[in-house]
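Student: no sequence for this one, just the structure:
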């Protein structure tokens, strides 16, 4: 009887270990800042594009079932540049208030749908996720369509980053009013309420693990 119980325990333990080993974690942590996060704001006389490469995060997923995925990303808003230093200062100090709210954070809640459920080398697919996007101290649920491409490690991919790679591209819209962000009101800079956010980054199993500072 004891031998039978020990056998059951061994089988269950092996199953747990196998399930854990099936999960892979890809980190977003490129010291060269080649990842891209942009926001696009439209004003009467120009379209303003803010950009930064200061993003860290992770994607933890089962390559055989990407519906089981966890992810979190953090963007340093103090590093966003629009091409004009004075405008950048106004944006940080008067509108985003980065001294109080220096980070924008997205945390995945669930995968809503995906064209396929497993990762295949160099095969892109579309997926839609839902999560909590926090900026300016406000946290709201957003839905983001993404295109995902998996790359097995080769000499070619190592030119970008070590390890296996996930290339993630996505975009979504937010309303500044939803996040209680004031808009410039003088005519030449009166921005639309709707802003488009675009992400394009590589996550790697060979990149250093990340730790998140407590975001305000």
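Tutor: Yes, it's here. Keep in mind that what you see is a predicted model, and the values were worked out from it rather than measured.

Student: Residue 94 falls within a helix, correct?
Tutor: Yes. Membership of residue 94 in a helix is supported by DSSP: H, G, I helix; E, B strand; the rest coil.

Student: per-residue pLDDT, it?
Tutor: pLDDT recorded at residue 94 is 88.

Student: where exactly do the strands run in the chain?
Tutor: Remark: strands assigned in the chain by DSSP state E are 24-28, 36-43, 46-52, 55-62, 65-76, 103-114, 124-135, 138-151, 165-175, 194-204.

Student: how big is the angle separating the second one from strand 103-114?
Tutor: When you say that, I think you mean strand 36-43. For strand 36-43 against strand 103-114, the angle by axes from the mean of the first three to the mean of the last three C-alpha atoms, to 10 degrees is 100 degrees.

Student: and strand 36-43, what's its mean pLDDT?
Tutor: For strand 36-43, mean pLDDT rounds to 93.

Student: So what's the gap between it and the chain middle?
Tutor: Here strand 36-43 is found 16 Å from its chain centre; the criterion is C-alpha atoms, centre = their mean, to the nearest Å.

Student: Could you do the fifth one as well?
Tutor: Put simply, strand 65-76 sits 7 Å off its chain's centre (C-alpha atoms, centre = their mean).

Student: Quick check: buried residues in that strand?
Tutor: 66, 69, 71, 72, 73, 74, 75, 76 (16 or more other C-beta atoms under 10 Å). (C-beta placed from N, C-alpha, C; glycine too.)

Student: got it, and the third one?
Tutor: Going by neighbour count (16+ other C-beta under 10 Å), the buried part of strand 46-52 is 48, 50, 52.

Student: The closest residue to residue 175 other than its chain neighbours - how many residues pack around it?
Tutor: Spatial nearest neighbour of residue 175, chain neighbours left out: residue 193 (5.0 Å); criterion: C-beta to C-beta, 6 or more residues apart in numbering. By other C-beta atoms under 10 Å, the residues close to residue 193 number 13.

Student: Distance of residue 193 relative to residue 112?
Tutor: 25 Å (C-beta to C-beta, to the nearest Å).

Student: And for residue 209?
Tutor: According to C-beta to C-beta, residue 209 and residue 112 sit 27 Å apart.

Student: Who has more neighbours out of these two?
Tutor: Shown here are residue 209 and residue 112; by other C-beta under 10 Å, residue 112 has more neighbours (13 against 9).

Student: Quick check: the more buried one touching residue 141?
Tutor: No. The criterion here is C-beta atoms under 8 Å, and residue 112 misses it with residue 141 at 11.5 Å.

Student: shaky segments in the protein?
Tutor: Across the chain, the ranges flagged by pLDDT under 70 are 1-21, 185-189, 213-216.

Student: switch to 50 and redo it
Tutor: Where the chain drops to pLDDT under 50, the residues are 6-7, 9-20, 187, 215-216.
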